[in-house]
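**Q** Fold the following.
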Amino acid sequence: MNKEDLVKEVSKKIRISQKLASEVINLTLESIEKAVSKGKKVTLVGFGTFELRHRASRMGRNPQNGQEIHIPAKKVPTFAAGKKFKEMANG
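**A** Numbers count the residues shown, from 1 in each chain. Below is the predicted model:
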């Protein structure tokens, strides 16, 4: 399912226009992105948790020539599925 399919599904289920459903979905995703980028944890009970994690700097290897390189520290957004979502995925 892609975003367009999701918009169609939401608009059909709650009987609103696809334009309005698209706006709601976009605003929801934008709100999650903004909160996580500011370091806040976003928990949707039963669905999962979005949060920002710190990845430490480390040494790595250039796959083309094997030369050792420094990989800088960075922050990465993560998602952990909630219990209900995991149970649904496992049947």
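**Q** drop to CA atoms for contacts and neighbour counts, all remaining ones
**A** Noted.
**Q** for the helix ranked longest in the chain, packing partners?
**A** Longest helix in the chain by number of residues (criterion: DSSP state H): helix 18-37. Judged by 3 or more CA pairs under 8 Å, 6 or more residues apart in numbering; DSSP states H and E, helix 18-37 is in contact with helix 3-14, strand 42-44, strand 48-55.
**Q** And the residue nearest the centre of the chain, what's its pLDDT?
**A** Residue closest to the mean C-alpha point of the chain, counted by CA atoms, centre = their mean, is residue 79 at 5.6 Å. With respect to pLDDT, residue 79 scores 97.
**Q** That one belongs to a strand, doesn't it?
**A** Yes - counting by DSSP: H, G, I helix; E, B strand; the rest coil, residue 79 is located in a strand.
**Q** Can you name the residues bridging to it?
**A** Using DSSP bridges, the bridge partners assigned to residue 79 are residue 50.
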